[in-house]
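Chemist: I'd like to go over a predicted model; first the sequence, then the structure.
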Protein chains: 2
Amino acid sequence: MDETRGADGTAEAPETRPKGTRRRGAALVGAIHAAAVEETAARGLEGATMEGIARRAGTAKTSLYRRWEAPEDIVLEALHAAYPMEEPTPAADDLRGDLVRALRLMRDSFDTRPKYAQALMAVLVASWARPDLHERLYREVFDPRGERFTKRALLHYADKGVVDRERVTDVVADIGEAMVFKHMLDTMQPPDDAYLDMIVDQAILPAVGIDPRTLS
Amino acid sequence: MDETRGADGTAEAPETRPKGTRRRGAALVGAIHAAAVEETAARGLEGATMEGIARRAGTAKTSLYRRWEAPEDIVLEALHAAYPMEEPTPAADDLRGDLVRALRLMRDSFDTRPKYAQALMAVLVASWARPDLHERLYREVFDPRGERFTKRALLHYADKGVVDRERVTDVVADIGEAMVFKHMLDTMQPPDDAYLDMIVDQAILPAVGIDPRTLS
DNA sequence: GGTTTTAGCTACGGAATCGTATCCAACATG
DNA sequence: CATGTTGGATACGATTCCGTAGCTAAAACC
């Protein structure tokens, strides 16, 4: 019962640590990043406040204003810092396996950090009404990480001649991510392995002209 | 320059009407619905306030509290009232055409009312952190409208034997909507006709085992 | 150790929103 | 036209967040 509760009933669990001790530098910034992500996940980007982030991080407002100007500056920095890095595709000779692994990589990055996924979606949707924010999101978070998920695998096998290069269009390269997103929006849960298999077998592979039943 | 501006710089254009005149009943409720959708689109569900909605609708806070308890009650009601109704599929003998038309129906419902689409997405994402809201959204907005978009068309042609019933899975039925959503998230724009054609030709038709090049 | 940097704490006036109360007037009804 | 209903306007104390200031003290540096 050592929790405080925000105005909306959302549980806030302020970081606690031995009194008379202080974090600095990276440790402090990390805690604030985490707090900003939590705050955004719980109250939305527009509902996030400096006071709320400070509470969650167990620090003082002044410490936030020393480094940032507004909640969204902290959140964007946090999302960038935590964005899943690319595992260069193992490039075994296994198209189906690589596709499944690519989707799992994406899924896991949300599954293990649901607050992170929620915050990312919140910013993505908020940016819809704010072109400046949309531009920053893609420039500061998405773009720096390069090619993503299934597209890399598809292009790899196109180069090897396993699939028709003509069929690896932008639309096809987006199918996997689009389906994972939709599933999360519908169910509030990341898809399980069985569902990822279905995406690959029923949507992606047919789109590149491969009948999964012929793959053994 | 007869606009006021909200705290975040968002333009607010309060409803104006001849002074000494009043709306009541449906006319008033309709204006408030529109205002609630605008407010949510501009400031997010968590950022929306009763005061803001009242300003946009050009009415008084008291008039809102007379009927509703909180912004989200108004927004959910507004989304329900404005949700696109189902055009029963024309059921011509034209699978590809029906799929394209189904996607256009979905796209147009967003394209002609961008504020509505933004609000819908804002609520959808906010509901992710709030199971109660998610439940209400599906129960009060989505569910009452029944089967959606491409699935109806696919099932129709499965019954006619044009496509393999086995291949019309939930995953496949979701491809179209998933791709339209993703496109909107990425670009902040509803897809144009050419893009919808690509979704049908490159993703949906292959998934049900039809090569679009054989269709005409 | 002594010094510099950086966190933490408290407090403040201003602004926005909350939810309610009060009063008046426009509308609808008969 | 008389009456009852509904919307509009204003005001209020309470709460939350804003952004800044001033001070103390822990951590890092030399």
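Modeler: Perfect, I can see it now.
Chemist: for chain A, where's the lowest mean pLDDT among helices and strands?
Modeler: strand A:4-5 (a mean of 42; mean pLDDT, DSSP states H and E).
Chemist: got the domain ranges for chain A?
Modeler: A:4-71, A:83-215 (automatic domain parsing).
Chemist: would you mind listing what in chain A touches DNA strand D?
Modeler: A:6-7, A:20-22, A:24-25, A:49-52, A:61-62, A:65, A:70-71 (C-beta under 7 Å from any atom of the strand). Any C-beta I mention is one placed from the backbone N, CA and C, and that applies to glycine too.
Chemist: apply 6 Å and report the result again.
Modeler: Within chain A, the positions near DNA strand D by C-beta under 6 Å from any atom of the strand are A:Ala7, A:Gly20, A:Thr21, A:Arg22, A:Arg24, A:Thr49, A:Met50, A:Glu51, A:Gly52, A:Lys61, A:Thr62, A:Tyr65.
Chemist: from those residues, which would you call buried?
Modeler: A:Met50, A:Gly52 (16 or more other C-beta atoms under 10 Å in any protein chain shown).
Chemist: what is the nearest of the residues of chain A next to DNA strand D to B:Leu133?
Modeler: Comparing the residues of chain A next to DNA strand D against B:Leu133 with C-beta to C-beta places A:Ala7 closest, at 15.8 Å.
Chemist: which of the residues of chain A next to DNA strand D are close to DNA strand C?
Modeler: A:Arg22, A:Arg24, A:Lys61, A:Thr62.
Chemist: out of those residues, who's nearest A:Asp132?
Modeler: Nearest to A:Asp132 among those, with distances taken as C-beta to C-beta, is A:Lys61, at 24.6 Å.
Chemist: surely the closest one meets A:Ala54?
Modeler: Yes. In this structure, A:Lys61 is within contact of A:Ala54 by C-beta atoms under 8 Å, at 4.8 Å.
Chemist: follow-up on the earlier one: would you turn the ones next to DNA strand C among the residues of chain A next to DNA strand D into a markdown table with secondary structure and pLDDT?
Modeler: Putting those into a markdown table (DSSP: H, G, I helix; E, B strand; the rest coil; pLDDT from 0 to 100) gives the following:
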| residue | secondary structure | pLDDT |
| --- | --- | --- |
| A:Arg22 | coil | 82 |
| A:Arg24 | coil | 81 |
| A:Lys61 | helix | 93 |
| A:Thr62 | helix | 93 |
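Chemist: just give me the closest of those residues to chain B.
Modeler: A:Lys61 (18.4 Å; C-beta to the nearest C-beta).
Chemist: tell me which stretches of chain A form helices.
Modeler: Under the criterion DSSP state H, helices of chain A are mapped to A:25-43, A:50-57, A:61-67, A:71-82, A:95-111, A:114-126, A:131-137, A:149-159, A:170-187, A:193-198, A:205-207.
Chemist: got TSV for those helices, with distance to B:His33 too?
Modeler: Formatted as TSV, the helices of chain A follow (distance: least, C-beta to C-beta, whole Å):
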stretch	distance to B:His33
helix A:25-43	24
helix A:50-57	30
helix A:61-67	38
helix A:71-82	29
helix A:95-111	34
helix A:114-126	20
helix A:131-137	26
helix A:149-159	39
helix A:170-187	23
helix A:193-198	36
helix A:205-207	40
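Chemist: how much space separates the residue minimising distance to the centre of chain A from DNA strand C?
Modeler: Nearest residue to the geometric centre of chain A (C-alpha atoms, centre = their mean): A:Ala117, 4.7 Å. Per C-beta to the nearest atom of the strand, to the nearest Å, A:Ala117 is found 27 Å from DNA strand C.
Chemist: next one: A:Tyr116
Modeler: Following C-beta to the nearest atom of the strand, the distance that separates A:Tyr116 from DNA strand C is 22 Å.
Chemist: in contact with that residue, which residues?
Modeler: A:Val37, A:Ala41, A:Leu79, A:Ala82, A:Ser109, A:Phe110 (C-beta atoms under 8 Å, 6 or more residues apart in numbering or on different chains).
Chemist: contacts only, for the nearest residue to the first one once chain neighbours are set aside.
Modeler: I take that to be A:Val37. In this structure, A:Val37 finds its nearest non-sequential neighbour in A:Ala119, 4.5 Å apart by C-beta to C-beta, 6 or more residues apart in numbering or on different chains. Applying C-beta under 8 Å, 6+ apart to A:Ala119 gives the contacts A:Ala36, A:Val37, A:Glu38, A:Thr40, A:Ala41, A:Val75, A:Ala78, A:Leu79.
Chemist: isn't the third one right up against A:Arg56?
Modeler: Yes. Contact status for A:Glu38 versus A:Arg56: in contact at 5.5 Å, counting by C-beta under 8 Å.
Chemist: circling back: so which of the helices of chain A gets nearest B:Asp132?
Modeler: Nearest of the helices of chain A (C-beta to C-beta): helix A:25-43, 13.8 Å.
Chemist: angle of the closest one against helix A:71-82?
Modeler: Angle, helix A:25-43 to helix A:71-82, by axes from the mean of the first three to the mean of the last three C-alpha atoms, to 10 degrees: 110 degrees.
Chemist: and helix A:25-43, how far out from the chain middle?
Modeler: 15 Å (C-alpha atoms, centre = their mean, to the nearest Å).
Chemist: what helices and strands are in contact with that helix?
Modeler: Here helix A:25-43 touches helix A:50-57, helix A:61-67, helix A:71-82, helix A:114-126, going by 3 or more C-beta pairs under 8 Å, 6 or more residues apart in numbering or on different chains; DSSP states H and E.
Chemist: any stretches of chain A with poor pLDDT?
Modeler: Low-confidence regions of chain A, defined by pLDDT under 70, span residues A:1-20, A:84-91, A:143-148, A:215-216.
Chemist: residues of it that sit close to DNA strand C?
Modeler: Residues of chain A lying near DNA strand C (C-beta under 6 Å from any atom of the strand): A:Arg22, A:Arg23, A:Arg24, A:Gly25, A:Leu28, A:Thr59, A:Ala60, A:Lys61, A:Thr62, A:Ser63, A:Arg66.
Chemist: okay, those in a markdown table with distance to A:Met198 next?
Modeler: Conversion of the residues of chain A next to DNA strand C to a markdown table gives the following (distance: C-beta to C-beta, whole Å):
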| residue | distance to A:Met198 |
| --- | --- |
| A:Arg22 | 51 |
| A:Arg23 | 45 |
| A:Arg24 | 48 |
| A:Gly25 | 46 |
| A:Leu28 | 44 |
| A:Thr59 | 45 |
| A:Ala60 | 49 |
| A:Lys61 | 48 |
| A:Thr62 | 51 |
| A:Ser63 | 47 |
| A:Arg66 | 49 |
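Chemist: many thanks, we can stop here.
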